[in-house]
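In: prediction below, plus the sequence it came from.
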Amino acid sequence: MEFVQIVEFTTRKMDEVESTLDEYRAKREAAGAPMPVQVLQCQDRDQPNTYVAVVRFPSYEAAMENSNHPDTAAMAERLAELCDSPPQFRNLDLIRDAV
């Protein structure tokens, strides 16, 4: 079963967040490490400096493998420093994907 993680965060440093995410992705790709199936980065139209990332993995196990990787921990620590408050997480099993 596919797994989706939703991360909501606030930051006034989105350029630095994007740069950190780009570096992380490049490092993971170069290492041939497991990656999410899809990442949607969204900006809230009604709440300034509020963003939501929707990250899709092939399974919960793949998500946990990714989460437990040292590169992921370092990236998450850096992102936490760039956020105005702690991010909020939702962990979801994907039960239907329809167009």
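Out: Received the coordinates, thanks.
In: can you pull the buried residues of the longest helix that the chain contains?
Out: When the chain is parsed with DSSP state H, its longest helix is helix 14-30. Buried residues in helix 14-30, defined by neighbour count with 16 or more other C-beta atoms under 10 Å: Val17, Thr20, Leu21, Tyr24, Arg28. To be clear about C-beta, it is placed using only N, CA and C from the backbone, and glycine gets the same treatment.
In: how about stretch 28-38?
Out: Residues Arg28, Pro36 are the ones in stretch 28-38 that count as buried (16+ other C-beta under 10 Å).
In: okay, it in CSV with CA atoms only?
Out: Below are the C-alpha coordinates for stretch 28-38, written out as CSV (Å, rounded to 0.1, in the frame of the first residue of the first chain):
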residue,chain,number,x,y,z
ARG,A,28,20.3,11.1,-2.5
GLU,A,29,20.1,10.7,-6.3
ALA,A,30,23.9,10.5,-6.5
ALA,A,31,24.0,7.8,-3.9
GLY,A,32,21.2,5.8,-5.6
ALA,A,33,19.2,6.0,-2.4
PRO,A,34,15.5,5.3,-2.2
MET,A,35,13.4,8.4,-3.2
PRO,A,36,9.8,9.4,-2.9
VAL,A,37,7.6,8.6,-5.8
GLN,A,38,6.3,12.1,-5.9
